[in-house]
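Asks: next one to model:
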Amino acid sequence: MGSADFAKELLAKIIKEKEKLQVELTHLHHQQSMKPDSDEILSQLAKTRNALMHLEATINRLSRSDAELRLYLIWLDLQRSVQAAGETREPELEDLLALIQRQLGDQTDLGKDLPFNTIINDSFQINMDFSFDWQGFSGVSDPQSPNDSINQLALAMLAPEAGSSLLDLCSGQGKFLDQAYQQDPEVALFGQEIDPLNVIFSRYRLRKLGSRGHTIACGDAVREPAFLQSGHEQQFARIFSNFPFLMRIDQETLDAVLANWTRFPLELTTRNTAD
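Replies: As a prediction, the model looks like this:
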């Protein structure tokens, strides 16, 4: 089931919930006409109107079919995890939720949309792992994602061992890190990706696999390497990159790259691409 079909199924359940609330609102209005001074009825009216407003906002979100829809569905799934955890705080999860909220551009009432103990718990009986097509998960293709055979070949050659570290530069939507985790869950995974949407998708992807403590940084791996120690490149047991070949590079970027690579003096034969 793709994310659009999943959203349609969830949307249908939310619309039914909205219809129930509309019936309840009509009933409350009738009660108010009989008892206009009842504080209890007035309070219930306010709660019902508020619930309807947030359901309407959710219906509008789920009616979209772009990357924002994927983000919102991810947010709903992770928010359910927060509720299930109770008082247990997960900084990694909270950081991911905050990143999603910034991308959605709505940090004020995002958390009030749905009653998680009713609609969400029922609707998310569908396994989220099968609700997304990971090839082009963001709604666009992932040109930085090698096919499975290349990933498997690279992992066979690198052979990362339990307890060691593996870095993927230009990590895209996390397909290589996904396969690395499945090969050995005890390898510490690191990635850097310039696209914030892909950072979210890859973090979520690893989380759904069961991985915890992985580090995927958002930023330009060429100009601003994220993993530094005392001003120098952090050391990793294994490094992989499916770098975007033939990407144009300007002189400013080239100078920044050479400034970072002090340990490996290079004599470049071309200054047109980043190869």
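Asks: roughly how far does residue 78 sit from residue 169?
Replies: Using CB to CB, to the nearest Å, residue 78 is found at 26 Å from residue 169. Every residue, glycine included, has its C-beta placed from N, CA and C.
Asks: residues touching residue 210, list them.
Replies: residue 185 (CB atoms under 8 Å, 6 or more residues apart in numbering).
Asks: nearest spatial neighbour of residue 182, chain-adjacent residues omitted?
Replies: residue 209 (7.0 Å; CB to CB, 6 or more residues apart in numbering).
Asks: correct me if wrong: the one you found contacts residue 178.
Replies: Yes. The criterion here is CB atoms under 8 Å, and residue 209 meets it with residue 178 at 6.5 Å.
Asks: the more surrounded of those two?
Replies: Just comparing residue 209 and residue 178: by other CB atoms under 10 Å the higher neighbour count belongs to residue 178, 20 against 16.
Asks: from what I can see residue 93 touches residue 78, true?
Replies: Yes. Residue 93 is in contact with residue 78 according to CB under 8 Å; the separation is 6.4 Å.
Asks: where are the low-confidence patches of this protein?
Replies: Along the chain, the parts satisfying pLDDT under 70 run over 1-7, 61-67, 86-88, 106-147, 244-247, 256-275.
Asks: which SSE is immediately downstream of the biggest helix by length in it?
Replies: In the chain, assigned by DSSP state H, the helix with the most residues is helix 3-34. Next helix or strand after helix 3-34 toward the C-terminus (DSSP states H and E): helix 39-62.
Asks: tell me the angle that next one makes with helix 3-34.
Replies: In terms of direction (axes from the mean of the first three to the mean of the last three CA atoms, to 10 degrees), helix 39-62 departs from helix 3-34 by 160 degrees.
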